[in-house]
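>>> Next comes the sequence, and after it the predicted model I'd like to discuss.
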Amino acid sequence: MVSTSTLIWISCRPLLRLMFCVTCGIAITKADVFPPVAAAGAGQILLNITLPCLMFSKIVPAFTSQNVNALGPLILLAFLYEAIGMALAYLIKQLFWVPHRFRYGILVTGGWGNVGDIPTAVVMSVTLFPLGGHKLVAWDFQGPDVEPEEVKEAMRLKRKALLLPLSSFWGKSRYRQPTGSDIADEVAEKTMTNGSEVIIHSAPQKHVSFIDDSSTAVPTDGVASATCSRTPTEINYRYRQSSPDRTERATREMVPNTAVSLSIYEVTEPDTLPSHAQHTTRMHATNTSQFHVPFSIFNLKVLSEFLKALLTPASITIFLAFLIALVPKLKALFIEVPGTHIPSAPDGQPPLAFILDSTSFVGAASVPLGLICLGSSLARLSWPRKGEWKKLPLGAISWIAIAKMVVMPVLGVLICEGLTNVGLISKDDKVLRFVCIFLSCLPTATVHVLLTQVYSGTGSSEHLAPFLIPQYVLMFISMTAITAYTIQLLF
């Protein structure tokens, strides 16, 4: 029986090596020795040279036709962990406010972990790029920006609407059902308090609009004008003075758009406002005429983009390495295979063994270089200043860190033990069981930082930093605990 102190030391020691490399990256970045241009170049070397070499040098000797079935559980768990992480992030997004420029990025934060092993790295690469996962980050920066106060107000009303049925069910309702005038008055009061601009149009139409962004176009034809894309933080309030029933129904209508524009649209005569059916028909006809694309062309375009994203050096190397590893005649060119005879080189080694030696030599730089780039990325993240903490979405930040570094490891242990009990994972394959459990306690992938910097247009990742840093602080505690527990469980 191993003592607790020994377990803790065994669990901490690999993390000390990781901390050393990350600290080196932070130090050279803070000293201006490793500027962003150099970090970008190192990232390209990592993705296109060292990582493919590492994968080739590890796959070819390790896999055979007898043990390749071990990939199945790892790939299954990789998809499961991504799906569960995104589901937890979506749940947090529904309960706590998230900055408008991070409304989709939080899903990437929850779904993609900082994996480094071969099978899960392949799954991450395929789902993040060829399958379009990176577009979630791009969607954050489409359309006009929205102030945090407006997002908070939308989330407050949304939370109230979600909690009302629950309170009524338990007979402890603290709120009465809001009427249309209640919500309109509340929005008007809130917007006027925030110093929003008030515009009153004279006859023949009275138009009252509360717009925080003076650049936002205000519709004057009596129909709510949608902005360029969709988001769940949009609330539009439309009403007619002459129809109280419609007022109460329409003021609670939730319309998804990119920007939050809390507006009270104009009060007109009933015959001057187009009906919802007419407006829908007109918009449908416009969309059909302007955006109709042949289905076959669309499919070819999607397939072309998928193949382009899939044909990267890392992906090509993986496919080639598995082909060599599973065909004995090809594998014997690189390493000695029992039962397969291939003429050897003058030094007695297989004829292509020098390729495997070269890829092993170059691939050894992959992990340290990746950790140094990780430290550099963390060093460039801006910490919130003293007075800025209260403005941050602390609820979402705290719970996404807890979900990734506390809830996911617990679920990982339960899932892996369940798969072991049903026979999908062999009880005797303790290394595979350890890897499957360990992968559940990984923080968010640092590639999220690079994607955010690229798609933001400014090179900044200000909204991502508060979500990322707590995870990497908790990582050392979470990884130590899960490693010690797994060793105790298996051995």
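Cool, the structure landed.

>>> residue ranges with poor pLDDT in the stretch 351-491 of the chain?
384, 387-389, 447-448, 450-462 (pLDDT under 70).

>>> And this structure, split by domain according to the record?
4-129+312-490, 172-273 (automatic domain parsing).

>>> End to end on the first one, go ahead and measure it.
With Cα to Cα, to the nearest Å as the measure, domain 4-129+312-490 spans 15 Å from end to end.

>>> With stretch 92-101 instead?
16 Å.

>>> Can you mark which positions in that stretch are buried?
Within stretch 92-101, the residues that count as buried by 16 or more other Cβ atoms under 10 Å are Ile92, Lys93, Phe96, Trp97, Val98, Pro99, His100, Arg101. C-betas here are computed from N, CA, C, even on glycine.

>>> Now do the strands in this protein.
197-201, 207-211 (DSSP state E).

>>> what's the nearest residue to Ile372 if we skip its chain neighbours?
Nearest residue to Ile372 in three dimensions, chain neighbours excluded: Gly25, at 3.9 Å (Cβ to Cβ, 6 or more residues apart in numbering).

>>> my guess is the one you found meets Leu369, correct?
No. With contact defined as Cβ atoms under 8 Å, Gly25 does not reach Leu369; the gap is 9.3 Å.

>>> between these two, which one's more packed in?
Gly25 (24 against 19; other Cβ atoms under 10 Å).

>>> contacting residues for the more buried one?
Neighbouring residues of Gly25 by Cβ atoms under 8 Å, 6 or more residues apart in numbering: Phe34, Leu371, Ile372, Cys373, Leu374, Gly375, Ser376, Ser377, Leu378, Ala379.

>>> With neighbour count as extra columns, can I get those in JSON lines?
Compiled in JSON lines, these are given as follows (neighbours: other Cβ atoms under 10 Å):
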{"residue": "Phe34", "neighbour count": "22"}
{"residue": "Leu371", "neighbour count": "21"}
{"residue": "Ile372", "neighbour count": "23"}
{"residue": "Cys373", "neighbour count": "24"}
{"residue": "Leu374", "neighbour count": "20"}
{"residue": "Gly375", "neighbour count": "26"}
{"residue": "Ser376", "neighbour count": "26"}
{"residue": "Ser377", "neighbour count": "26"}
{"residue": "Leu378", "neighbour count": "18"}
{"residue": "Ala379", "neighbour count": "18"}
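
>>> Nearest to Ile477 among the residues you listed?
Proximity of those to Ile477 (Cβ to Cβ) peaks at Leu378, which lies at 17.1 Å.

>>> State the distance from the closest one to Ser478.
According to Cβ to Cβ, to the nearest Å, Leu378 stands 17 Å off from Ser478.

>>> same deal with Leu51?
25 Å.

>>> Show me where the stretch 1-150 of the chain has its helices.
Along the stretch 1-150 of the chain, the stretches classed as helices by DSSP state H, counting those that start in this stretch are 4-30, 36-45, 51-62, 71-95, 105-111, 118-128, 135-139, 148-169.

>>> Export those as JSON lines, with columns for distance to Leu432 and mean pLDDT.
Listed next are the helices of the stretch 1-150 of the chain as JSON lines, based on distance: least, Cβ to Cβ, whole Å; pLDDT from 0 to 100:
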{"stretch": "helix 4-30", "distance to Leu432": "18", "mean pLDDT": "84"}
{"stretch": "helix 36-45", "distance to Leu432": "31", "mean pLDDT": "81"}
{"stretch": "helix 51-62", "distance to Leu432": "12", "mean pLDDT": "88"}
{"stretch": "helix 71-95", "distance to Leu432": "7", "mean pLDDT": "88"}
{"stretch": "helix 105-111", "distance to Leu432": "23", "mean pLDDT": "84"}
{"stretch": "helix 118-128", "distance to Leu432": "11", "mean pLDDT": "44"}
{"stretch": "helix 135-139", "distance to Leu432": "31", "mean pLDDT": "59"}
{"stretch": "helix 148-169", "distance to Leu432": "42", "mean pLDDT": "70"}
